[in-house]
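Novice: What shape does this take:
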Amino acid sequence: THTHTHPPLYVASSLLSPCNVTHTPANKPQNRLRESLSLFEGMWKNRFLRNVSVILFLNKQDMLELKMQRSGAGGRLKQFFPEYNGEDNLDSARKFILKQFEDIRDAYDSRSESFKFKTLYTHFTCAVDKNNIERVFEASRDILIRLSLQRMAIL
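Specialist: Now for the predicted structure:
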């Protein structure tokens with residue numbers, strides 16, 4: 001039995017507030033949320049990180065909430081993501097953004113048995129939220145329990 005003892009990878013992304021901002025590396029404009037999704041995909045499918053569970057913090061919820069409260073904010077999200085057909089509210093926007101990351105995870109998890117022990121934990125956060133550390137501990141504890149169960153061949 002092959003055991004997996006890789007510690008979790010913590011990824012913080014401040015992608016939620018600038019969903020209508022573009023970044024221009026090498027004069028090639030790209031929406032920051034799309035850029036974050038692309039970076040996440042590269043990290044998720046990286047063969048060296050194949051068995052490493054990931055805790056993804058989707059930060060700047062306060063900024064996303066402010067943007068969604070403005071009229072037409074969902075339209076701005078749709079401007080950069082034509083496939084977005086949700087309402088102009090925070091819950092719809094969060095579900096859509098989370099699904100983008102989960103779709104990347106699912107695309108690779110279903111292709112290979114080697115992703116069997118990899119888990120994605122996602123948390124919508126705000127840097128000034130004091131409960132963030134509690135979420136980190138909960139996800140880390142879950143990963144450690146899974147690793148222990150795998151080592152004992154229970155999982």
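
Novice: Strands along this protein, start to end?
Specialist: Using DSSP state E, the strands assigned to the chain run over residues 9-13, 22-23, 30-31, 54-58, 120-124.

Novice: Leu120 reaches Ser53, doesn't it?
Specialist: Yes: in this structure, Leu120 is within contact of Ser53 by Cβ atoms under 8 Å, at 7.4 Å. Where C-beta positions appear, they are placed from N, C-alpha and C, glycine not excepted.

Novice: Those two: which is more packed in?
Specialist: Applying other Cβ atoms under 10 Å to Leu120 and Ser53 shows that Ser53 carries more neighbours, namely 22 against 18.

Novice: and the more buried one, backbone torsions?
Specialist: Main-chain torsions, Ser53, degrees, to the nearest 10: phi -70, psi 150.

Novice: who's the residue nearest the centre of the chain bridged to?
Specialist: Centroid-nearest residue in the chain, with Cα atoms, centre = their mean: Leu56, separated by 4.5 Å. Using DSSP bridges, the beta-bridge partners of Leu56 come out as Val11, Thr122.
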